[in-house]
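K.L.:
Give me a 3D structure for the following:
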Amino acid sequence: MNKMEDALYIHPVNRKDEWKKFWNLIWALSAREIKGRYRRSLLGPFWAVLQPLFYMVIFTFIRGMLDIPSDGIPYVVFTYSVLVPWTFFSNVVARCAPSIMANASLVKKISIRREVFPAASIITAFLDFLIASIILVLMMIWFEVPLSLNLLWVPVLMVLTASLALGIGLGASALGTYKQDISMVLPFVMQFWILATPIMYPLSKVPLSWLPYYRLNPMVGLIDAYRNVLIKAIPPDLTLLLISVVELILIWAVALTLFRKMSRYFADVL
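P.N.:
Numbering: from 1, shown residues only. The predicted structure is shown next:
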């Protein structure tokens with residue numbers, strides 16, 4: 001048993017320190033992934049900024065052809081302000097899916113809650129979020145975006161976004177352990193999902209006849225809330241946000257049940 005395994009092994013008869021060891025393993029896994037990602041990278045942490053900036057440039061180009069409105073807000077900050085939390089969400093989901101396979105040696109050797117491996121994805125994605133947020137703050141200063149107490153909603157929205165991403169990630173990691181197709185198809189799903197979310201365009205442009213179905217996308221309420229509190233200086237639409245919260249709870253109920261049932265056989269499959 002190596003140093004990480006020895007430090008984090010949970011003895012079946014000693015449950016007192018289980019949660020402490022659970023969090024220790026999350027931090028250890030996150031630190032290992034961060035070091036591995038940036039060790040031989042020329043740009044290092046700046047890759048965290050490139051993804052939302054790339055989407056912002058593409059959306060700005062498309063907007064020039066389609067004349068997409070931005071509610072009177074400069075389009076670059078209109079899109080980038082919600083691309084930052086979207087990127088956090090999509091990165092957590094994408095990293096959760098192969099997390100069990102990527103840690104196969106630990107899964108087979110250590111008696112630990114299997115949820116720890118998808119959960120570790122939140123830390124690394126949150127680091128990228130913080131780096132990308134620096135550009136957002138500079139944009140808000142440059143475009144003189146008004147500040148308000150509604151910014152206090154941001155931590156709440158972050159917790160909800162992380163919870164939604166982890167819930168989906170738990171289901172994806174459970175299924176992805178048995179069928180690698182899940183990890184392969186996930187990028188295509190996320191590409192479609194970003195178009196079905198009011199990031200490139202305002203929610204007001206969605207036809208009224210579509211809204212009952214469109215709101216079933218749990219990211220709609222969250223993204224609209226981010227845009228409201230960050231750049232419009234108004235509180236989130238609580239009705240939309242409540243829909244997202246209800247869907248989040250349903251996703252967790254299904255995903256956690258699925259994950260725990262399938263996790264019993266992870267070591268055998270791996």
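
K.L.:
Which positions in the strand or helix carrying A132 come out as buried?
P.N.:
Using DSSP states H and E, A132 falls within helix 116-142. Buried residues in helix 116-142, counted by 16 or more other Cβ atoms under 10 Å: 116-129, 131-133, 135-136, 139-140. C-beta here means a position set from N, CA and C on the backbone, and glycine is covered the same way.

K.L.:
That helix: what's the following helix or strand?
P.N.:
With elements assigned by DSSP H and E, the helix or strand that comes after helix 116-142 is helix 153-178.

K.L.:
Just after that next one, pick out the following helix or strand.
P.N.:
helix 181-195.

K.L.:
Using PDB, write out the CA atom coordinates for that following helix.
P.N.:
Output of helix 181-195 as PDB, limited to C-alpha atoms (Å, rounded to 0.1, in the frame of the first residue of the first chain):
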ATOM      1  CA  ASP A 181     -19.500   5.100 -24.500                       C
ATOM      2  CA  ILE A 182     -20.900   7.400 -21.800                       C
ATOM      3  CA  SER A 183     -17.600   9.300 -21.500                       C
ATOM      4  CA  MET A 184     -17.300   9.500 -25.200                       C
ATOM      5  CA  VAL A 185     -20.800  10.800 -25.900                       C
ATOM      6  CA  LEU A 186     -20.800  13.300 -23.000                       C
ATOM      7  CA  PRO A 187     -18.900  16.000 -24.900                       C
ATOM      8  CA  PHE A 188     -21.500  15.900 -27.700                       C
ATOM      9  CA  VAL A 189     -24.300  16.200 -25.100                       C
ATOM     10  CA  MET A 190     -22.600  19.200 -23.500                       C
ATOM     11  CA  GLN A 191     -22.300  20.900 -26.900                       C
ATOM     12  CA  PHE A 192     -26.000  20.500 -27.400                       C
ATOM     13  CA  TRP A 193     -26.800  21.500 -23.800                       C
ATOM     14  CA  ILE A 194     -25.000  24.800 -24.100                       C
ATOM     15  CA  LEU A 195     -27.100  25.800 -27.100                       C
END
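
K.L.:
Now do the buried residues in it.
P.N.:
So for helix 181-195, counting by 16+ other Cβ under 10 Å, buried means I182, S183, L186, W193, I194.

K.L.:
Could you pull up the contacting residues of N150?
P.N.:
Contact analysis of N150 by Cβ atoms under 8 Å, 6 or more residues apart in numbering lists N228, V229, A233, I234, P235, P236.

K.L.:
what separates it from S183, distance-wise?
P.N.:
37 Å (Cβ to Cβ, to the nearest Å).

K.L.:
repeat for T60
P.N.:
31 Å.

K.L.:
same question, I249
P.N.:
Remark: distance between I249 and S183 (Cβ to Cβ) = 26 Å.

K.L.:
Next: P155.
P.N.:
Distance from P155 to S183, counting by Cβ to Cβ: 30 Å.

K.L.:
Counting neighbours, show which residues of the helix or strand in which T60 is found come out buried.
P.N.:
Element membership for T60, per DSSP H and E: helix 47-66. Residues A48, V49, Q51, P52, L53, Y55, M56, F59, T60, R63 are the ones in helix 47-66 that count as buried (16+ other Cβ under 10 Å).

K.L.:
ok, and the closest non-adjacent residue to the third one?
P.N.:
Take Q51 and drop its neighbours on the chain: the residue closest to it by Cβ to Cβ, 6 or more residues apart in numbering is T87, 5.3 Å away.

K.L.:
returning to that earlier point: helices and strands around the helix holding A132, which ones?
P.N.:
Using 3 or more Cβ pairs under 8 Å, 6 or more residues apart in numbering; DSSP states H and E, the elements in contact with helix 116-142 are helix 18-38, helix 47-66, helix 75-96, helix 99-102, helix 153-178.

K.L.:
got any ranges where this protein has weak pLDDT?
P.N.:
Counting by pLDDT under 70, the ranges of the chain that qualify are 1-19, 22, 34-45, 111, 267-268, 270.

K.L.:
Report the central residue of it.
P.N.:
Nearest to the geometric centre of the chain sits F89, at 1.9 Å (Cα atoms, centre = their mean).

K.L.:
How about the contacts made by the nearest residue in space to that residue that is not next to it in sequence?
P.N.:
Nearest residue to F89, sequence neighbours excluded (Cβ to Cβ, 6+ apart): A165, at 4.8 Å. If you count contacts by Cβ under 8 Å, 6+ apart, A165 has them with F88, F89, S90, V92, V93, C96, I122, A125.
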